[in-house]
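# From the sequence below, what's the structure:
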Amino acid sequence: MKIVIAGGHNEADFLIRMFKKQRHVNLVVINAETDYCRRLSSSHNIPVYAGDPSKTYVLSDAGAEGADVAIALTRRDADNLVICQLAKKTFGVKKTVCIVHDPKNVDVFKAMGVDTVISSAYLVAQTIERASSIENLIKTLSVEDEKIVLTELKMAEDYALVGKALMDFKSPVNMNVSCIMRKEEVIIPDGRTVIEKGDTLVIISTPKDQAELVAAIQKRRV
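Purely as a prediction, here's the structure:
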């Protein structure tokens, strides 16, 4: 899988760190700030292309052609829109993702063809709306027009799942543990991954299955 990461500071650093843990991922990293390019390249031992990713020739020279995903992380919403549109229309990228700083741009950018648009303010508002039905421990982020939800669950010491491998968890509904945050580490799990106290599980499910899934994972040892 080829993934383009365009712009960003801490966000880019986090995504590179996460994707490098996965097999068969080819990263194309572009950043307009030369000094930060050197930092990313040195930290992750990968090539980082220096240039403005909202320019066609920069995306071309960096090797964005035919990528599976392009993620735009610059500080300017307009640049992120241009990056996503160029990626899709000019370079045949299959899926585009961008962040926006103005939450009013979420629906506008989706209407203009960006597949996934993420705004921290927008997500906070959605989370607050759901607070009455989801426990305070749980942070929920809906994506893809409410077709799926991402649920974060922190593992308490007395949860029955703690100390067991994921393959031993008999889920009552369809779900997928996309990653586990363990202290400073981000783990992409498989069935053999053992859950530890304090782990935060990031789980994908459908909205209708969420409550049943949360109850199953939070089941305590007898």
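
# Report the mean per-residue pLDDT for the longest helix along the chain.
Of all segments of type helix in the chain, defined using DSSP state H, the longest is helix 77-89. Averaged across helix 77-89, pLDDT comes to 96.

# got the buried residues for that helix?
Asp77, Asp79, Asn80, Leu81, Val82, Ile83, Cys84, Gln85, Leu86, Ala87, Lys88 (16 or more other Cβ atoms under 10 Å). Every C-beta, even on glycine, is put in place using the N, C-alpha and C of the backbone.

# nearest to Ala6, of these?
Of all these, the one sitting nearest Ala6 is Ile83; the distance, using Cβ to Cβ, is 5.1 Å.

# In terms of pLDDT, where does Leu137 sit?
Confidence per residue is given as pLDDT, and for Leu137 that number is 39.

# residue ranges for the helices of this protein, please.
In the chain, the segments counted as helices under DSSP H are 10-20, 34-44, 56-62, 77-89, 105-111, 120-130, 207-217.

# I'd like the ones you listed as CSV, with distance to Met167 appended.
Converted to CSV, the helices of the chain look like this (distance: least, Cβ to Cβ, whole Å):
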stretch, distance to Met167
helix 10-20, 22
helix 34-44, 31
helix 56-62, 39
helix 77-89, 37
helix 105-111, 37
helix 120-130, 30
helix 207-217, 15
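
# Need the winner for burial among those.
Each of those was given a mean neighbour count from mean count of other Cβ atoms under 10 Å, and the largest, a mean of 21, is that of helix 77-89.

# Which strands or helices does that one pack on?
Using 3 or more Cβ pairs under 8 Å, 6 or more residues apart in numbering; DSSP states H and E, the elements in contact with helix 77-89 are helix 56-62, strand 69-72, strand 95-99, helix 105-111.

# Just give me how far that helix sits from the chain centre.
Helix 77-89 has its C-alpha centroid displaced from the chain centroid by 18 Å (Cα atoms, centre = their mean, to the nearest Å).

# any residues touching that helix, and which ones?
Taking contacts as Cβ atoms under 8 Å, 6 or more residues apart in numbering, the residues outside helix 77-89 that touch it are 4, 6-7, 52-54, 56, 59, 64, 67, 70, 72-74, 93, 96-102, 105, 109, 112-114.

# Derive a PyMOL selection command for the buried subset of those residues.
Burial among these is assessed by 16+ other Cβ under 10 Å; the matching PyMOL selection reads:
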select buried, resi 4+6+7+52+53+54+59+64+67+70+72+73+74+93+96+97+98+99+100+105+109+114
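
# Spell out for me which residue occupies the centre of the protein.
For the chain, the residue sitting closest to the mean C-alpha position, by Cα atoms, centre = their mean, is Leu15 at 7.7 Å.

# Surely that residue and Val69 touch.
No. Applying Cβ atoms under 8 Å as the test, Leu15 and Val69 come out as separate, 10.4 Å apart.

# where does the protein dip in pLDDT?
Per-residue confidence for the chain (pLDDT under 70) gives these ranges: 120-147.

# does Val202 really touch Ile180, like I thought?
Yes. Contact between Val202 and Ile180 holds when scored by Cβ under 8 Å: they sit 7.3 Å apart.

# which one is Ala32 nearest to, not counting chain neighbours?
The shortest distance from Ala32 to any non-neighbouring residue, by Cβ to Cβ, 6 or more residues apart in numbering, is to Asp52 (4.8 Å).

# That'll do, ta.
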